[in-house]
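Participant: predicted model and sequence follow; I will ask about them next.
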Amino acid sequence: MNFLQRFLADTRGVDTIPLKMVFYLSIAGIIILMTAFSWNNISPVVDDAHVDKQLEDVALEISSIQNGYVRHISRNYIEGSMAVFDLSLPEHVKYISFGVDPDPDTNGDLTDTAWSVENNTIICSYSEGFKSRVLIDGELIEFRKGMSNVGDDWIVDDNSSALGYDKGVVLEGPISGEFVFELVFVEGEGKYTLSHF
């Protein structure tokens, strides 16, 4: 019997190769399933890290204009220093607030309690109920909600003052798009960072 005939006649390992292949394929399938299930747990963490990165960039942008040109609110011919930034936040972000905590009792209702002033702070509230804060370094920063008047000039929103929500700016979700803040001066009050949205 020559070598080729002996090789073809040897059937000792015939069932070993398919058995090993089934074993290795089932191990690979288990690894793929575990990865798919764990992604559901990892995805919110990745989203939250992306939110934190965007808010830190916003804080840096707002901080960078604080020593810039300040527009006197009654003289609308020259714009103050502006911070322009894009935000694209996931749907589980409930709101972002600038310089104020609109829900200090954390019950989800932004209108049932007085807003708590937190200058130099950006607060991000999630639908799960927890909040994260980003502090803006530097001098005191007071945020005010702006509104466009008849001449397309941005002024402090008097309607929010009448409702008692005159300090701070709140963006409720879904939050996506371009947002602008301008440095302004109001006679008798001081310097504000005014929203253009």
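Facilitator: Looks like it arrived, so ask away.

Participant: for the rest of this, base every contact and every neighbour count on C-alpha atoms.
Facilitator: Noted.

Participant: show me what the helix of greatest length in the chain is packed against.
Facilitator: Looking across the chain with DSSP state H, the single longest helix is helix 16-65. Packed against helix 16-65 by the contact rule (3 or more CA pairs under 8 Å, 6 or more residues apart in numbering; DSSP states H and E) you find strand 82-88, strand 131-135.

Participant: now render those as TSV, adding mean pLDDT, mean neighbour count and distance to I32.
Facilitator: Compiled in TSV, the helices and strands packed on helix 16-65 are given as follows (pLDDT from 0 to 100; neighbours: other CA atoms under 10 Å; distance: least, CA to CA, whole Å):
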stretch	mean pLDDT	mean neighbour count	distance to I32
strand 82-88	90	17	30
strand 131-135	89	16	33
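
Participant: just send those strands back as JSON lines, with distance to G151 too.
Facilitator: Listed next are the helices and strands packed on helix 16-65 as JSON lines, based on distance: least, CA to CA, whole Å:
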{"stretch": "strand 82-88", "distance to G151": "19"}
{"stretch": "strand 131-135", "distance to G151": "35"}
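
Participant: assign the closest residue to P174 other than its chain neighbours to helix, strand or coil.
Facilitator: Closest residue in space to P174, ignoring its immediate chain neighbours: E91 at 5.8 Å, by CA to CA, 6 or more residues apart in numbering. Following DSSP: H, G, I helix; E, B strand; the rest coil, we place E91 in the coil state.

Participant: E91 reaches E172, doesn't it?
Facilitator: No: using CA atoms under 8 Å, E91 is not in contact with E172, being 10.6 Å away.

Participant: from the centroid of the chain, which residue is nearest?
Facilitator: V51 (3.4 Å; CA atoms, centre = their mean).

Participant: what sits against that residue?
Facilitator: L89, P90 (CA atoms under 8 Å, 6 or more residues apart in numbering).

Participant: pLDDT score assigned to it?
Facilitator: V51 is assigned 87 on the pLDDT scale.
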